[in-house]
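1. next input, structure requested:
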Amino acid sequence: MSLSAPTVSVIVPCRNEVRTIAQVLRDLDAQTFSDAFEVVIADGMSTDGTRELLAELQQSAWGFDLHVIDNPAQIIPSALNRAVEASRGMFIVRVDGHSRVGPTYLTEIVHPLRSGMADVVGPQIQLLAGSSTPLAEAIAVCSGSALGTGGTASRRALTVPVDVSHAVMSCYRRDVWERNGGYDEALLSNEDFDFDMRAHRRGARILALPSPVFSLVARSTLGALAQQRWRYGWWKGAVLHKMPSSLHMRQAIPLISLIAALTLVVAVMLGALSANVLVWCAVAYSGVAIVTALAEAKRYPSASSLVVATVAAPIVFAIIHGVWACGVCAGLLVNPRR
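-> The predicted structure is shown next:
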């Protein structure tokens, strides 16, 4: 238990993370960070035993103050706001309840904030397989590829910090959160993108850092991946209602491709085009997907996952791009913020 006032507050949105939350705390306990820090876990009324486990973990001897608070709304932006409100540190570091961080994570992520280099920073993101199945390994590798991420700065190997308008898993000084008015609790997803964009428009400098690395667990099945991509797309539509100019080219391409594909389908149905056009478009897309999967050969942990990725790549990337684009269109039409 730390006796000093914390310099850093690690905030953890958590709900039903009984399998992973103890490892998250062990990773934080192994930090080489020299200053005092605290960990504030905002639990979304977990029903899988997470809260009981956290009660036990609070009795353990950690190298930091551990606080567990309620998040009755059970949504991520609410968890983040409640955690920051309950925290005391000058620097806010977000860590998820199903992630992994190395021992130098806090030292590296806080340094550019403390030095005045930036107001908001984000680590390099690495995706871990959700399970040991070849399909889960294939999904993680394909999702983390350039075709899967669209070349987002935080999701590619950087050698120097890069100025961006959004850094994944962003960390910041407390005054940035205060000026921003916290996270928008009307957004059930994309709340971090919205937060960073608003901070950027208020003049905050945001950097994607080459290190440290933040490891996120990817979805392990095609169904779970599709649900995630639909949710991301739906709430991206909500963000676009707030900030239409926040649409990046890497995000516009899947939307344009979806519109083009639907136009081709209608043209074929009306007899204006041959069905062969659709076939050749599908073949071309599948070819790009398979080549991308093969190009990541060194990242697959087993030969079986490489084989599965090669076969499943067209479906995986179609979910990543197509389901997301459908979600955006649905979110724009329905406007979930209403």
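
2. the helix or strand V110 falls within packs against which elements?
-> In the assignment (DSSP states H and E), V110 maps to helix 105-114. Applying 3 or more CB pairs under 8 Å, 6 or more residues apart in numbering; DSSP states H and E, one finds that helix 105-114 makes contact with strand 8-14, strand 91-94, strand 120-128, strand 171-173, strand 206-217. (Each C-beta comes from the backbone N, C-alpha and C, glycine too.)

3. between these, which one is nearest to A297?
-> strand 120-128 (16.4 Å; CB to CB).

4. might you report the residue contacts of G89?
-> Listed by CB atoms under 8 Å, 6 or more residues apart in numbering, the contact partners of G89 are 6-9, 37-38, 174.

5. ok, for it, nearest residue in space, not its chain neighbours?
-> Sequence neighbours aside, S9 is the residue nearest to G89 in space, at 3.3 Å (criterion: CB to CB, 6 or more residues apart in numbering).

6. ok, G271 - how many residues close by?
-> Counted with other CB atoms under 10 Å, residues neighbouring G271 total 8.

7. and the closest residue in space to G233 that isn't next to it in sequence, how many neighbours?
-> Sequence neighbours aside, G327 is the residue nearest to G233 in space, at 2.3 Å (criterion: CB to CB, 6+ apart). By other CB under 10 Å, the residues close to G327 number 22.

8. tell me if G327 really is in a helix.
-> Yes - membership of G327 in a helix is supported by DSSP: H, G, I helix; E, B strand; the rest coil.

9. the stretch 201-338 of the chain: helices as residue ranges?
-> In the stretch 201-338 of the chain, the helices defined using DSSP state H, counting those that start in this stretch lie at 222-242, 249-269, 275-295, 303-318, 324-334.

10. so how far is the last one from its chain's centroid?
-> Averaged C-alpha coordinates place helix 324-334 at 19 Å from its chain's average position (CA atoms, centre = their mean, to the nearest Å).

11. show me what it is packed up against.
-> Helix 324-334 packs on helix 222-242, helix 249-269, going by 3+ CB pairs under 8 Å, 6+ apart.

12. same question, the third one
-> Packing contacts for helix 275-295, counted by 3+ CB pairs under 8 Å, 6+ apart, involve helix 134-143, helix 146-149, helix 249-269, helix 303-318.

13. which of the ones you listed sits closest to L188?
-> Of all the helices and strands packed on helix 275-295, the one in closest proximity to L188, counting by CB to CB, is helix 249-269 (18.6 Å).

14. quick one: average confidence on that closest one?
-> Mean pLDDT, helix 249-269: 87.

15. related to what we said a few turns ago, deepest-packed of the helices and strands packed on helix 105-114, please.
-> strand 8-14 (a mean of 26; mean count of other CB atoms under 10 Å).

16. that strand: partners in the sheet, and parallel or antiparallel?
-> For strand 8-14, the pairing partners within the sheet under DSSP bridges are strand 37-43 (parallel), strand 91-94 (parallel).

17. can you put these in TSV and add mean pLDDT and distance to A129?
-> Listed next are the strands paired with strand 8-14 as TSV, based on pLDDT from 0 to 100; distance: least, CB to CB, whole Å:
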stretch	mean pLDDT	distance to A129
strand 37-43	97	25
strand 91-94	98	22
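
18. dump those into JSON lines; add distance to P314 as well.
-> Formatted as JSON lines, the strands paired with strand 8-14 follow (distance: least, CB to CB, whole Å):
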{"stretch": "strand 37-43", "distance to P314": "39"}
{"stretch": "strand 91-94", "distance to P314": "34"}
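
19. hang on, L273 packs against A267?
-> Yes - contact criterion CB atoms under 8 Å: L273 and A267 qualify, at 4.3 Å.

20. circling back: got the contact list for the residue nearest to G233?
-> 229-234, 236-237.

21. what two of these have the greatest distance between them?
-> Taking CB to CB as the measure, the contacts of G327 span a maximum distance of 12.8 Å, between R229 and G237.
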